[in-house]
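In: Predicted coordinates and the sequence they were generated for:
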Amino acid sequence: MRFSRYRDEIWSHLHVHSLYSATDALSSVPTLVARAKANGQPALGLTDHGNMSGAVTLYQECMKAGLLPFPGSEMYLVRDRADKKAKRHHLGVLATSGQGYRNLVALSSLSHRNFYHKPLLDLSDLAEASEAGRLRGLVALSGCYSGLPIQDLLNYGPEQAKTTLACYAGWFDQCYVELMDHGMVWDDGSTDADLCLALAQLADELGLPVLVTADSHYAFAEQRVLHESLKRLVSYGSGDDDGVFRGSGYDLSQTSVVKRRHTAKNWISGLAGQADLQARWDLSIPELDKYHYNIPVIIPDPMRELRKRVGTDEVVAEELDVIERTGMASYLCWSPRSPITCASAASSSRPAARPPAACAATGWGSPRWTRSSGSCATNGSSPPTGPSRRTSTWMWSTPVAARCWTGFGSASRCTRSAPTPRCR
Ligand SMILES: [Zn+2]
Ligand SMILES: [Zn+2]
């Protein structure tokens, strides 16, 4: 037997779902990071379905814990988006560098712009992104049983699977062939063990590295029963349709537990792949070091807060009355960091000569009207007149903020908030 020059201690979970894989996985990102740390694993990849919502937390928590974070996503891939009945496959993508992280954000955004039942990419999207240099710093993971290479192997044979893997390897910085063994016997009669052998063979023929992965959906083996409940809850099925994962090992297992499921040859190859991937890691994103989400908070006493911000009870009542009468409640956004949106009556067919009382009452410096319907070019101390109320937007600018005054319907709205992007 050939002995690996790599030690088991370098092995890490790189195919992991957090609770951001909604209705499919259980654990929070901090829990997963803590579990990986306790397992003595030096890195952690996050591959939530179709999104990278946990990426920032993964980065911050791993940096604190001294682990290498690999932000990623298990994206939905079809051959051709024009085919509305095309079968969806899974494609794992991990970022290995700052540039890769930015490219992953762009790729994820593209998949959401292509949304059709799921955020979607097709093979042409990947080819075009690669040609434009937008897959640099990204590596592909060949995927689980739902990945295109395995489905190609089962449905069209090894040559088609090799073509797909070669495409991935050409488009991304590298393609790692995943060997995943949960002890499954699939409906088509194939087993995970068979597939691992076949995939390792294809990787050898193509000269591609392999990774031993586990499709982790929760942190601890004891959570299996909770995960099964979750799947039954969301699948509405019973028996074989209950959505419960067959097989075992979907937790963030200790290294030795994962190792036991694989042949010595595949494990050693997996360690070499792991070392190759970890050597690529150069992920420093200073912007994320102190980044925090600006999440709206629930105000315990909203009326008190309204009075504080808007003025007297009379003004509050007047403003709320207008909001109610004009059906504008859904336009109202109020948060501690970006106050203030308010509504006021403007019965005239032209925008009012003054901002609504509630806006004036807040006492923000010396305002200026700025017309922003297109160019933001017109400034002046006079309020807006002229163009159709439905198409004009006026920025009520102050030294510290801008208020947006838009006339429509029988009411007008003013907003103090960060300037809208088009007015920057
Ligand atoms: Zn998958
Ligand atoms: Zn997965």
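Out: Ah, there it is. Ligands and ions are numbered 1, 2, ... in the order given.

In: Point out where the stretch 151-300 of the chain drops to low pLDDT.
Out: Across the stretch 151-300 of the chain, the ranges flagged by pLDDT under 70 are 238.

In: residues contacting the residue of it at minimum distance from ligand 2?
Out: When scored by CB to the ion, the stretch 151-300 of the chain has Asp215 as its residue closest to ligand 2, at 4.4 Å. Heads up, the C-betas are built off the backbone N, CA and C, glycines and all. Asp215 makes contacts with His15, His17, Cys144, Met180, His182, Tyr250, as judged by CB atoms under 8 Å, 6 or more residues apart in numbering.

In: Let's see which of the residues you listed end up in helices.
Out: Among the contacts of Asp215, none falls in helices (DSSP state H).

In: so what are the domain limits for this structure?
Out: In the assignment given by automatic domain parsing, the structural domains of the chain cover 8-289, 302-423.

In: how far does the longest one stretch from start to finish?
Out: Between the opening and closing residues of domain 8-289 lies a distance of 30 Å (CA to CA, to the nearest Å).

In: Report whether that domain contacts ligand 1.
Out: Yes. With CB under 5 Å from the ion as the threshold, domain 8-289 lies in contact with ligand 1, specifically through His90, Cys144, Ser146.

In: got the buried residues for stretch 287-300?
Out: Using 16 or more other CB atoms under 10 Å as the test for burial, stretch 287-300 gives Leu288.

In: mind listing the helices for the stretch 151-300 of the chain?
Out: Under the criterion DSSP state H, counting those that start in this stretch, the stretch 151-300 of the chain carries helices at the ranges 158-171, 192-206, 224-235, 255-259, 264-280, 286-289.

In: Looking at the ones you listed, which is nearest to Gly137?
Out: Distances from Gly137 to each of the helices of the stretch 151-300 of the chain were compared using CB to CB; the shortest belongs to helix 264-280, at 8.7 Å.

In: Just the closest residue of the stretch 201-350 of the chain to ligand 1, please.
Out: Distance from ligand 1 to each residue of the stretch 201-350 of the chain (CB to the ion) is smallest for Asp215, at 6.2 Å.

In: for the stretch 101-250 of the chain, same thing?
Out: Evaluated by CB to the ion, the stretch 101-250 of the chain has Cys144 as its residue closest to ligand 1, separated by 3.5 Å.

In: So for that residue, what's the pLDDT?
Out: At Cys144, the model reports a pLDDT of 96.

In: who's in contact with it?
Out: Taking CB under 8 Å, 6+ apart as the definition of contact, the neighbours of Cys144 are His15, His90, Ile150, Glu178, Met180, Asp215.

In: swap in Gln151?
Out: With contact taken as CB under 8 Å, 6+ apart, Gln151 is in contact with Lys87, His89, Tyr145.

In: Just the buried residues of these.
Out: For the contacts of Gln151, burial is judged from neighbour counts taken by 16+ other CB under 10 Å, and it is met by His89, Tyr145.

In: can you list the residues of this protein near ligand 2?
Out: Counting by CB under 5 Å from the ion, the chain comes close to ligand 2 at Glu74, Asp215.

In: pretty sure Arg88 is touching Leu120, no?
Out: Yes. The pair Arg88 and Leu120 passes the contact test of CB atoms under 8 Å, sitting 7.5 Å apart.

In: Give the residues shared as contacts by the two.
Out: Residues touching both Arg88 and Leu120 comprise Tyr76, Leu77, Val78, with contact defined as CB under 8 Å, 6+ apart.

In: Closest one of the residues you listed to Glu324?
Out: Among these, and counting by CB to CB, the member closest to Glu324 is Tyr76, at 42.0 Å.

In: Confirm that the closest one sits in a strand.
Out: Yes. The assignment for Tyr76 is a strand, going by DSSP: H, G, I helix; E, B strand; the rest coil.

In: if I read this right, it contacts Ser108, doesn't it?
Out: No. Taking contact to mean CB under 8 Å, the distance of 10.9 Å between Tyr76 and Ser108 leaves them out of contact.

In: list residues touching both of the two?
Out: Taking CB under 8 Å, 6+ apart as the contact criterion, the common neighbours of Tyr76 and Ser108 are Pro119.

In: And the contacts of Asp215, which of them are buried?
Out: The neighbour-count test (16+ other CB under 10 Å) marks His15, His17, Cys144, Met180, His182, Tyr250 as buried among the contacts of Asp215.

In: Where strands are concerned, which of those residues count?
Out: Of the positions in the buried ones among the contacts of Asp215, Met180 sit in strands, assigned by DSSP state E.

In: Where do the strands of this protein begin and end?
Out: Under DSSP E, the chain gives strands at 43-49, 68-78, 89-95, 120-122, 138-141, 174-180, 210-213, 341-345, 368-371, 378-380, 394-397, 402-408, 411-417.

In: Name every strand pairing with the fourth one and say which way it goes.
Out: Sheet neighbours of strand 120-122, with direction, are listed as strand 68-78 (parallel) (DSSP bridges).

In: Can you flag the weakest of the strands of the chain by average pLDDT?
Out: Comparing mean pLDDT over those, the weakest stretch is strand 402-408, at a mean of 28.

In: confidence score at the residue nearest the centre of the chain?
Out: Computing the C-alpha centroid of the chain and ranking residues by CA atoms, centre = their mean puts Met52 first, at 2.4 Å. Met52 is assigned a predicted lDDT (pLDDT) of 95.

In: What residues does it make contact with?
Out: Shown here is Met52, whose contacts under the criterion CB under 8 Å, 6+ apart are Leu46, Pro71, Gly72, Ser73, Leu104, Val105, Ser108.

In: could you redo the last one with a cut-off of 10 Å?
Out: Residues in contact with Met52, defined by CB atoms under 10 Å, 6 or more residues apart in numbering, are 20, 46, 58, 71-73, 75, 93, 95, 101, 104-105, 107-109.

In: ditto for Phe245
Out: Taking CB under 10 Å, 6+ apart as the criterion, Phe245 is in contact with Asp24, His182, Met184, Asp215, His217, Arg224, His227, Glu228, Lys231.

In: again, but for Met180
Out: Under the criterion of CB under 10 Å, 6+ apart, the contact list for Met180 reads 15, 141-145, 147, 150, 192, 195-196, 199, 211-215, 247, 249, 258, 261-262.

In: Same check on Leu26?
Out: Applying CB under 10 Å, 6+ apart to Leu26 gives the contacts 17-19, 32, 217-220, 223-224, 226-227, 230, 250-251.
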